[in-house]
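1. Pasting the sequence and the predicted model now:
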Protein chains: 2
Amino acid sequence: MDKNLKRMATMHRMQVAGLELFYTQGYYNTSIDDILKKLNLSKGAFYYHFQSKEEFFISIVQNLVFRKVYSMLIEPIEGEPNPLRAIEICLDDALQTAEHNEMDFGFVLANFMTEFNGRNEKIVQYLRDICKVWEVNLVTALQRGKSDGFVERHIDSEGVASYIMASYFGIRTLMVGGNARMLRYNYIQQMRFYFRSLSPVVIA
Amino acid sequence: MDKNLKRMATMHRMQVAGLELFYTQGYYNTSIDDILKKLNLSKGAFYYHFQSKEEFFISIVQNLVFRKVYSMLIEPIEGEPNPLRAIEICLDDALQTAEHNEMDFGFVLANFMTEFNGRNEKIVQYLRDICKVWEVNLVTALQRGKSDGFVERHIDSEGVASYIMASYFGIRTLMVGGNARMLRYNYIQQMRFYFRSLSPVVIA
DNA sequence: CGTTAAACCGACTGCCTGGTCGGTTTCAGA
DNA sequence: TCTGAAACCGACCAGGCAGTCGGTTTAACG
């Protein structure tokens, strides 16, 4: 195998295993040895590929988390004509993966933001950047929705975008240990009410 | 001073300092020595009053966090006639204290829930119990609002309650490092839109 | 004043963690 | 087959952690 390929493959394996453990156990609560044990690798291998635990985490955020947020929360909305409808479907999908205990990357983001808040501003910055990308894309979609007659023209797109993001982060927090299925159902239901107040009034 | 009083006073001092540090630095990231240094006390004093770090934290949750959530997020709504209006004012107040970097206990709750999720189910349980109390009180207020004609009768009170809690938890997460003032303003604005969709239609 | 128990002290232990480093294995290319 | 660099190993270090314990201080009370 090409050396460079091998390098990439090993690094990627470490990143995937690292994200998995950082997500489930927390960054400060996960040791590098935990990750290495899972992969049957040694300290030497780790520090050959990464400078430090922090750098390692940042590489995970930029490679895995960012990409996943993009493909799962941003792309599915970009092409759709009706943004409110698209957002509803997209978040419902995300909550479904959450229900099956798979990683939903919106929550990964929120999780790490709280964990690093006040402890590592550098990392918070990286995470916030990803949030910003999500937000900007939501705003764009909403603005387009206004032109296309799917969204009431007088609404504040920034406000709506952050309200959507907030409610999503929050419902995932509530799902911690709670009745995920019920919460998801109720959440989508209430989001529909909210979205209805953002839709143009249909003149019968 | 009465011995018992002294005991209570010292324990309380430890709890207050502990909460402060656990909140700002995280539980796993805060050592008992950190807390003791702040109070000029010793290991001996700590383990004289508390059995373990975990027991200590639980006592903080039950004494300080629970009481504060009650007095700041539940009581202000209980007496009010119009629940939607009362909730709006209450959460706006909470966000204002957050803006001034004081502890808002809704966020304390959400913070710890994420930190202990998957790491210490026992503690998650205590935190979830507090959430439940908050939720139940919101539901009660909303139901009362229905009888009193402030809330549309067909709405699902449980769904609305968890949507409110979720959006609040989430907006606090977004405030991490973000533009808190702007976020708060937008949040309250959007909450009004949402609440309007829950209010009975005024027949002009 | 002397007693006694509660309150507090701080050195110590055993364990874990991030990070280092000299050495070993692997394997593509000559 | 030989070689050299990339990839990997794992013992080791320094520092931090929760929790222990024998001893000291404090102050209420007889």
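-> The structure has been received and is ready for your questions. Residues are numbered from 1 along each chain as shown, chains lettered A, B, ... in the order given.
2. which secondary structure elements does the helix or strand containing A:Ala45 contact?
-> According to DSSP states H and E, A:Ala45 maps onto helix A:43-49. Applying 3 or more CB pairs under 8 Å, 6 or more residues apart in numbering or on different chains; DSSP states H and E, one finds that helix A:43-49 makes contact with helix A:3-25, helix A:32-39. Just so you know, the C-beta spots here come from the backbone N, C-alpha and C atoms, and that holds for glycine as well.
3. As PDB, could you dump the C-alpha coordinates of that helix?
-> What follows is helix A:43-49, C-alpha atoms only, in PDB (Å, rounded to 0.1, in the frame of the first residue of the first chain):
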ATOM      1  CA  LYS A  43       1.300   6.000  22.300                       C
ATOM      2  CA  GLY A  44       4.100   6.100  19.800                       C
ATOM      3  CA  ALA A  45       1.700   5.700  16.900                       C
ATOM      4  CA  PHE A  46      -0.500   8.500  18.200                       C
ATOM      5  CA  TYR A  47       2.200  11.100  18.800                       C
ATOM      6  CA  TYR A  48       3.800  10.200  15.500                       C
ATOM      7  CA  HIS A  49       0.600  11.300  13.700                       C
END
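4. now check that helix, is it near DNA strand D?
-> Yes: residues of helix A:43-49 contacting DNA strand D under CB under 7 Å from any atom of the strand: A:43-45, A:47-49.
5. Now for those, which sits with the most neighbours around it?
-> Neighbour counts for those, by other CB atoms under 10 Å in any protein chain shown, peak at A:His49, which reaches 17 neighbours.
6. How much space separates that one from B:Val176?
-> 30 Å (CB to CB, to the nearest Å).
7. can I assume A:Glu80 is in contact with A:Glu88?
-> No: A:Glu80 is beyond contact range of A:Glu88, at 10.5 Å (criterion: CB atoms under 8 Å).
8. Skipping its backbone neighbours, what lies nearest A:Arg153 in space?
-> A:Lys146 (5.2 Å; CB to CB, 6 or more residues apart in numbering or on different chains).
9. how about the helix or strand hosting that neighbour, does it reach DNA strand C?
-> Per DSSP H and E: A:Lys146 is located in helix A:121-147. No: judged by CB under 7 Å from any atom of the strand, helix A:121-147 makes no contact with DNA strand C; its nearest approach is 12.9 Å.
10. Enumerate the positions of that helix that are buried.
-> By 16 or more other CB atoms under 10 Å in any protein chain shown, the buried positions in helix A:121-147 come out as A:123-124, A:126-128, A:130-131, A:134-135, A:137-142, A:144-146.
11. Same check on stretch A:14-24?
-> Buried, per 16+ other CB under 10 Å, within stretch A:14-24: A:14-15, A:17-19, A:21-23.
12. check contacts around A:Ile130.
-> A:61, A:65-66, A:69, A:109 (CB atoms under 8 Å, 6 or more residues apart in numbering or on different chains).
13. now those in TSV, with distance to A:Ser199?
-> Output for the contacts of A:Ile130, formatted as TSV (distance: CB to CB, whole Å):
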residue	distance to A:Ser199
A:Val61	36
A:Val65	32
A:Phe66	32
A:Val69	27
A:Leu109	28
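14. which stretch of helix or strand covers the residue sitting nearest the centre point of chain A?
-> Centroid check for chain A by CA atoms, centre = their mean gives A:Gly106 as the closest residue, at 2.4 Å. Remark: A:Gly106 resides in helix A:105-116, with elements defined by DSSP H and E.
15. quick one: is that helix near chain B?
-> Yes: using CB under 8 Å from any CB of the partner chain, helix A:105-116 comes into contact with chain B via A:110-111, A:113-115.
16. Of all the residues in chain A, which one is nearest DNA strand D?
-> Across chain A, no residue is closer to DNA strand D than A:Gly44, which sits at 1.6 Å (CB to the nearest atom of the strand).
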